[in-house]
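> return a 3D structure for these sequence lines:
(chains A and B)
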Amino acid sequence: MVDAARHPKITVKTYTNVERVEGYVGNFKVQLREKARYVRADRCNGCGECAKACPVEVPNYFEMNLAPRKAAYVPMSQSVPLLYTIDMDACIHCYKCVDACGALDAIDFSQEDKIEWEDVGSVVVATGFNHFDPSVIPEYGYSQYPNVITAMEMERLNNSAGPTTGNLIRPSDGLNPKRVAIINCVGSRDKRFNPWCSNFCCMYAIKNAILLKQANPDIDLSIYYIDIRTPSKGYEEFYDRAREMGIHFIQGRPSLISEDPLTRNLYIHSEDQALGKVIEKEYDMVMLNQAAVPQPDVDTVSSILNISQSPGGWFMEYHPKLRPVDSPTDGIFLAGACQGQKDIPASVSSGLACASRAGRILHSDEWQIEPIIAQVWEDRCVSAEGKQCGVCAKACPYGAITVEKGTAALITTAKCHGCGGCVAECPHNAITQMHYTDAQILAQIRALLAEKPEEKIFAFRCQWCSYGGADLAGTSHFDYSSNERGIRVMCSARMDSDFIYEAFRLGAGAVMYSGCHPQDCHYITGQRVGAVRADRLLKTLEKLGMSDGRFRIEWISAAEGDKYSRVINEMQQTINDIGMQQILAENAAMRPELEKRSRRMYEVPMVPEASTYSDKMVIAMSVKEVKDGK
Amino acid sequence: MESERPLTFADEVRAVPGGEHLDRCYSCGTCVSRCLIQQKLEPDYNPRRLLRMVMLEMREEAFQSPTTWLCSACDLCYSACPQEIHISSVINAVKHLAVKAGYKPVIQSAKVNAQTCVGCGLCEQACPYEAITLEKTNVPFRGKELTIAQVNAEKCMACGLCASVCRSTSIELSTAAPSEEFIEDIHSWMMKQRREVAA
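Okay, here's the model as predicted:
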């Protein structure tokens, strides 16, 4: 840290919040709020005279509130940069610190928050994790029994730089505990609080137990666990060492801690599964090994940076295996435990990976993206005519579209990932997607429904999930109806209502609208855009008199080949049950309305040409007819 | 495609309402050390082990296990279970299958005296296990058919609440009352708990 602060090309800004991030990969603009320290950074030399003079004492968060600090303070003695800060919530304005500072004149009560903008090429998020507050678990009695402490409190009590200078004492009477228990999985692997395994706590419990045992050889130590997970190199050997040192490992999750009100000793009730008995053991002190949870302000950070969150609140990586440190927004990277529960080696490796990913951007003049991007036809965009619209900007998961009245919607190409949500949402067909234009997709629909459309099951599949599912169904030789005809688009967000209307207008027997499961979407919220539209479409089609089951919405992952074949077979069964006569009759009844609805399509450039793709195609209208208003 | 396989014991338990969360159990043992019946009555009582028996197809062992028959559905374990399994429901599902297979509950259920029961329904409302229902008889009574209380032996836990609310003293429990020592034991345990809460 000291090296980083001294490096000529590194600026360390502490006590500073990121408030806004604008721009795109390589060209971010970041708004920073440097909070007022009431101490001038250019004059303070970190001597600490102000803290000595300060008469106010408040709990020290760094010491887990086990020790006091002054209102003029540094968070910890190794702070970088070593600058004192005055805590205005606690300060009583006695100005003793000003006198103590003397000729240095570093204290400045008139300081205000400084807001500045910085140009940066990439952003690395390393906001870390928080620890779970075990006082919400009633049966463990934390905050009720003084001798039940958390892992972080133990960390300070057992630290030579801590409030007790490493002398392990119990909070109730200050005596050295002789019997200490460590309880694992407090708040983790617990559906009532956090369903995840916090990854590092088994090793952490063993580390603490070994440290305690080394410092106090006659101490009796037990670790209560559900499963001990020591999967990395050298970890199991460490576990072996702990057992050889005489630390007891008890398999059984304690169900209750009760306290002797006189001695303040604690009784742990648990099953010992190795014994097959319920045991009740007495301890002087109990340490709760809490779960790792996301920081309390993850929602704010994720909305500032426009990065999505996994279930539970951890930041979502682009791909869990292949791009583990990239966020879905290009140029923003995730280091350490903000992305998920990580121990120190894993956090360091992800930090190093982030540095090299970020360096890649900073060292190149050009940035390559996929060619599948959205483009605006400026003369068709109603925003250019001064009308209120902005539908495209709402649909974009990446915030790549800016809409201002008077000018056409502007797509920042470097931010566009090519889901096509804006293309399908635009009510005026003013946006197109390269390589997946309306004309190309319509031509595919028409070609596939050219013959006996009423027998066909037409499947719209998204590139990443349901197309993969269909592929897997094929390569796994799962049987499904040969009447299935499918096309690929990038995302379910691209499946324009007009495409579904067109498929039914051409007489399709059934249409499937498929994509990723909501949490798997490769375009952050693309699936949600598609799902909302699909639900609306279903209602519309039902109103037009379509039988149940002819339009089906299914979310199928790339691993669900069996589901794909099952759904197609079920749809075939539905078609058989409804009967060909009924389908033909329904199609004939729906057709006038569908024609009216898909007419707008013909105003899109290239679509009229595409409509003459094949002579055999059943096309009721030509461009001229549309223009004539027939 | 889905293959046809014979139903396992676990499948049968899952099929009974309440038994569906069986597989969530990761054998942490919280329920066992939480259980009052285990502590006060029967050291062999072990819900965790019963769930393992179900998963490992140990049908007869599960039906003969005291856990199947002694659970009073107090749900102390449910509030502490980290996997949110409603354990008493799972046990109840096993009990249901055991009764179907011809096993008899070890607890003597409450008995209704059909001669004196007036069918007021107080006991039905009082029963925490929904073991009492009012059934019609062929006896005419004030222009209608007389209804009297019937006890479902499978559900009855012989707690005695029905007998205590019955105005016509028509319900009796055939089990002997617990010894004074046992009541004293439970009482002192409860007082200890109360003191702890107060402290």
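> now the residue found closest to residue A:519 once you drop the neighbours it is linked to in the chain: phi and psi?
Counting by CB to CB, 6 or more residues apart in numbering or on different chains, residue A:311 is the residue found nearest to residue A:519 once chain neighbours are left out, at 6.7 Å. For every residue, glycine as well, the C-beta is placed using N, CA and C. Per-residue torsions, residue A:311: phi -50, psi 140 (degrees, to the nearest 10).
> so for residue A:311, what's the pLDDT?
Note for residue A:311: predicted pLDDT of 82.
> what about it, neighbour count?
Look at residue A:311: counted by other CB atoms under 10 Å in any protein chain shown, it has 9 neighbours.
> show me what from chain B comes close to chain A.
B:1, B:24, B:26-34, B:38-39, B:43, B:46, B:48, B:77, B:80, B:82-84, B:195-196, B:199 (CB under 8 Å from any CB of the partner chain).
> quick one: residue A:89 is in a strand?
No - Residue A:89: not assigned to a strand; according to DSSP: H, G, I helix; E, B strand; the rest coil it is coil.
> the biggest strand by length in chain B pairs with which strands, and in what direction?
The single longest strand within chain B, with elements called by DSSP state E, is strand B:132-141. Partners of strand B:132-141 in the sheet, by DSSP bridges, are strand B:144-151 (antiparallel).
> so the residue nearest to residue A:519 makes contact with residue A:520?
No - between residue A:311 and residue A:520 there is no contact under CB atoms under 8 Å: 11.7 Å.
> can you pull the residues that touch both of these two?
Taking CB atoms under 8 Å, 6 or more residues apart in numbering or on different chains as the criterion, residue A:311 and residue A:520 do not both touch any residue.
> any idea how far residue A:396 is from residue A:373?
12 Å (CB to CB, to the nearest Å).
> so which of those two has more stuff around it?
residue A:396 (27 against 19).
> got phi/psi on the closest residue to that one other than its chain neighbours?
Beyond its immediate neighbours in the sequence, the residue positioned closest to residue A:396 (CB to CB, 6+ apart) is residue A:422, lying 5.6 Å away. Main-chain dihedrals, residue A:422, degrees, to the nearest 10: phi -70, psi -40.
> now do the contacts for residue A:422.
Residue A:422 is in contact with A:374, A:391-393, A:395-396, A:401, A:409, A:411, A:431, counting by CB under 8 Å, 6+ apart.
> now residue A:51: which helix or strand?
Element membership for residue A:51, per DSSP states H and E: helix A:49-53.
> scratch that, residue A:116 is what I was asking about
Using DSSP H and E, the element containing residue A:116 is strand A:114-120.
> just checking: what are the partner strands of that strand?
Strand A:114-120 is paired, per DSSP bridges, with strand A:27-34 (antiparallel).
> hey, where'd the helices end up in chain B?
In chain B, the helices defined using DSSP state H lie at B:9-15, B:30-34, B:36-40, B:47-55, B:59-64, B:66-70, B:76-80, B:87-100, B:122-126, B:161-165, B:180-198.
> minimum distance to residue A:255: which of these has it?
With CB to CB, the closest approach to residue A:255 among those belongs to helix B:30-34: 3.8 Å.
> outline the domain layout of the chain.
Let's take chain A. For chain A, automatic domain parsing gives the domain ranges A:2-122, A:130-293, A:369-435, A:438-628.
> the chain in question should be chain B.
Following automatic domain parsing, chain B resolves into domains at B:9-100, B:110-173.
> want to try a markdown table for the contacts of residue A:422, with pLDDT as columns?
Shown next, in a markdown table, are these (pLDDT from 0 to 100):
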| residue | pLDDT |
| --- | --- |
| A:374 | 92 |
| A:391 | 92 |
| A:392 | 93 |
| A:393 | 92 |
| A:395 | 92 |
| A:396 | 92 |
| A:401 | 92 |
| A:409 | 91 |
| A:411 | 91 |
| A:431 | 91 |
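> contact partners for residue A:18?
When contacts are counted by CB under 8 Å, 6+ apart, residue A:18 touches A:30-32, A:301, A:304-305.
> if we ignore the residues flanking it in sequence, what's nearest the residue nearest the centre of chain B?
Of all residues in chain B, the one closest to the mean position by CA atoms, centre = their mean is residue B:72, 4.6 Å from it. Setting aside the residues directly before and after it, residue B:72 is nearest to residue B:157 in space (CB to CB, 6+ apart), at 5.3 Å.
> all helices of the stretch 401-550 of chain A, in order?
Secondary structure of the stretch 401-550 of chain A (DSSP state H, counting those that start in this stretch): helices at A:421-425, A:438-448, A:466-475, A:497-505, A:526-543.
> need the least confident one among the ones you listed, by mean pLDDT.
helix A:438-448 (a mean of 88).
> show me what that helix is packed up against.
strand A:484-489, helix A:497-505, helix A:607-611 (3 or more CB pairs under 8 Å, 6 or more residues apart in numbering or on different chains; DSSP states H and E).
> which parts of that helix are buried?
Within helix A:438-448, the residues that count as buried by 16 or more other CB atoms under 10 Å in any protein chain shown are A:438-446, A:448.
> need phi/psi at whatever residue of the stretch 401-550 of chain A ends up closest to chain B.
Closest residue of the stretch 401-550 of chain A to chain B, CB to the nearest CB: residue A:478 (6.8 Å). With angles defined as degrees, to the nearest 10, residue A:478 sits at phi -80, psi 130.
> test my guess that it contacts residue A:560.
No - between residue A:478 and residue A:560 there is no contact under CB under 8 Å: 10.5 Å.
> who has more neighbours out of these two?
residue A:560 (21 against 18).
> excluding its backbone neighbours, what's nearest the more buried one?
Nearest residue to residue A:560 in three dimensions, chain neighbours excluded: residue A:469, at 4.9 Å (CB to CB, 6+ apart).
> thinking again about what came up before, list the buried residues of the strand holding residue A:116.
In terms of neighbour count (16+ other CB under 10 Å), strand A:114-120 has its buried residues at residue A:120.
> the helix or strand following it pairs with which strands, and in what direction?
Where DSSP H and E defines the elements, the next helix or strand beyond strand A:114-120 is strand A:123-125. Here strand A:123-125 is paired, per DSSP bridges, with strand A:332-334 (parallel).
> how big is the angle separating the helix or strand that the strand it pairs with is followed by from strand A:114-120?
Next helix or strand after strand A:332-334 toward the C-terminus (DSSP H and E): helix A:344-362. Here helix A:344-362 runs at an angle of 70 degrees relative to strand A:114-120 (axes from the mean of the first three to the mean of the last three CA atoms, to 10 degrees).
> for the helix or strand just after helix A:344-362, which outside residues touch it?
The helix or strand immediately downstream of helix A:344-362 is strand A:374-376, counting by DSSP H and E. Strand A:374-376 is touched from outside by A:408-411, A:416, A:418, A:420, A:422-423, A:430-434, with contacts defined as CB under 8 Å, 6+ apart.
> show me what stretch A:553-568 is in contact with.
For stretch A:553-568, contacts defined as CB under 8 Å, 6+ apart pick out A:457, A:459, A:464-476, A:478-481, A:484, A:512-518, A:520, A:527, A:531, A:534-535, A:538, A:552, B:1.
> let me know the average pLDDT across that stretch.
Stretch A:553-568 shows a mean pLDDT of 93.
> give me the contact list for stretch B:26-33.
Contact partners of stretch B:26-33, identified using CB under 8 Å, 6+ apart, comprise A:185, A:189, A:226-227, A:251-256, A:269-271, A:273, A:278-279, B:38, B:46-49, B:51-52, B:77, B:80-83, B:87.
> what does the stretch 251-400 of chain A have sitting close to chain B?
By CB under 8 Å from any CB, the residues of the stretch 251-400 of chain A that approach chain B are A:251-256, A:258-259, A:261, A:269-271, A:273, A:277-279.
> so of these, which ones are in strands?
Secondary structure from DSSP E places A:251, A:256, A:258-259, A:269-271, A:277-279 of those in strands.
> just the endpoints, please. Distance across stretch A:375-385?
Length of stretch A:375-385, first residue to last, CA to CA, to the nearest Å: 18 Å.
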